[in-house]
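Q: build the 3D model from these lines:
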Amino acid sequence: MAEHEESSGGVPPLDEEAAWAAIVAGYGQEPADPPGARPFRPIENLLLPEEDVKPAPDPAGPASPAAPASPEPPAAAALGSSVVFAPGVGGIGGAGPRDHSLAEPDDSPEAAKDEGHFVPPEPELPEADTTSKFAWLAVVGGPVLLLLAVLFQWDMTWWLTTLGVGGFLGGFATLVARMSTDEDEDDDPGRGAVV
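A: Next up is the predicted model:
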């Protein structure tokens, strides 16, 4: 490691080796709590009184000797009562998420027949006209004709090649030319969502 020169202002350079040695020596140790911090208490002990907290003074003043001491201690707050819920959620008189109950099952024969059974509707396909049917026949039939000619080792005559390649190109061009164009959408499609 290169030696560092003393920085300007008369401050000696940081001893990196000593700093790394301190980090490695303290690895895995929990740091000490800051001064005045209370130790962590599990939820089971939240209702127990804290030793370092003094009880609040009685607003009515000191109890007179003639007044009898109350035999019952004040009711302890419920566990977690310091938690503030949104209006309508939990708290006193409000129903919380754990108060939800499921609906009673319906045992009627009609409900049992429809239980968990969903039949999707049949999709409605648009009617194809004669021109589209012949175009699809040419797009699929042209390459199939050429494939059959190769598999059965037919002579590749000019009319067979023209029928296969020309049928595919002609059918494809027909399908592309007949594609539906939405004339209503003259706007630029790159503008994002239009509501």
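
Q: please count neighbours and contacts with C-alpha atoms only from this point.
A: Fine.

Q: and residue 23, how far from residue 17?
A: In this view, residue 23 and residue 17 are 10 Å apart by CA to CA, to the nearest Å.

Q: one more: residue 103?
A: Applying CA to CA to residue 103 and residue 17 gives a distance of 68 Å.

Q: higher neighbour count, the two?
A: Applying other CA atoms under 10 Å to residue 103 and residue 17 shows that residue 17 carries more neighbours, namely 10 against 6.

Q: which strand or helix spans that one?
A: helix 16-25 (DSSP states H and E).

Q: mind listing what's buried in that helix?
A: For helix 16-25, burial by neighbour count (16 or more other CA atoms under 10 Å) applies to no residue.

Q: next SSE downstream of the worst-scoring helix or strand of the chain on mean pLDDT?
A: When each helix and strand of the chain is scored by mean pLDDT, DSSP states H and E, helix 109-114 comes last, with a mean of 69. Toward the C-terminal end, the helix or strand that comes next after helix 109-114 (DSSP H and E) is helix 130-151.

Q: which residues are contacting that following helix?
A: If you take CA atoms under 8 Å, 6 or more residues apart in numbering as the criterion, helix 130-151 is touched by 155-156, 160-161, 163-172, 174-175.

Q: then it to PDB, C-alphas only?
A: Output of helix 130-151 as PDB, limited to C-alpha atoms (Å, rounded to 0.1, in the frame of the first residue of the first chain):
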ATOM      1  CA  THR A 130     -64.800 -16.500 -50.900                       C
ATOM      2  CA  THR A 131     -61.900 -14.300 -51.800                       C
ATOM      3  CA  SER A 132     -60.300 -14.700 -48.400                       C
ATOM      4  CA  LYS A 133     -60.900 -18.500 -48.500                       C
ATOM      5  CA  PHE A 134     -59.000 -18.800 -51.800                       C
ATOM      6  CA  ALA A 135     -56.300 -16.500 -50.600                       C
ATOM      7  CA  TRP A 136     -55.700 -18.700 -47.600                       C
ATOM      8  CA  LEU A 137     -55.800 -21.800 -49.800                       C
ATOM      9  CA  ALA A 138     -53.100 -20.300 -52.000                       C
ATOM     10  CA  VAL A 139     -50.900 -19.200 -49.100                       C
ATOM     11  CA  VAL A 140     -51.000 -22.700 -47.500                       C
ATOM     12  CA  GLY A 141     -51.400 -24.800 -50.700                       C
ATOM     13  CA  GLY A 142     -48.400 -23.300 -52.600                       C
ATOM     14  CA  PRO A 143     -45.700 -24.400 -50.200                       C
ATOM     15  CA  VAL A 144     -47.500 -27.700 -49.500                       C
ATOM     16  CA  LEU A 145     -47.500 -28.400 -53.300                       C
ATOM     17  CA  LEU A 146     -43.700 -27.600 -53.500                       C
ATOM     18  CA  LEU A 147     -43.100 -29.800 -50.500                       C
ATOM     19  CA  LEU A 148     -45.000 -32.700 -52.000                       C
ATOM     20  CA  ALA A 149     -43.000 -32.300 -55.300                       C
ATOM     21  CA  VAL A 150     -39.700 -32.600 -53.400                       C
ATOM     22  CA  LEU A 151     -40.900 -35.500 -51.200                       C
END
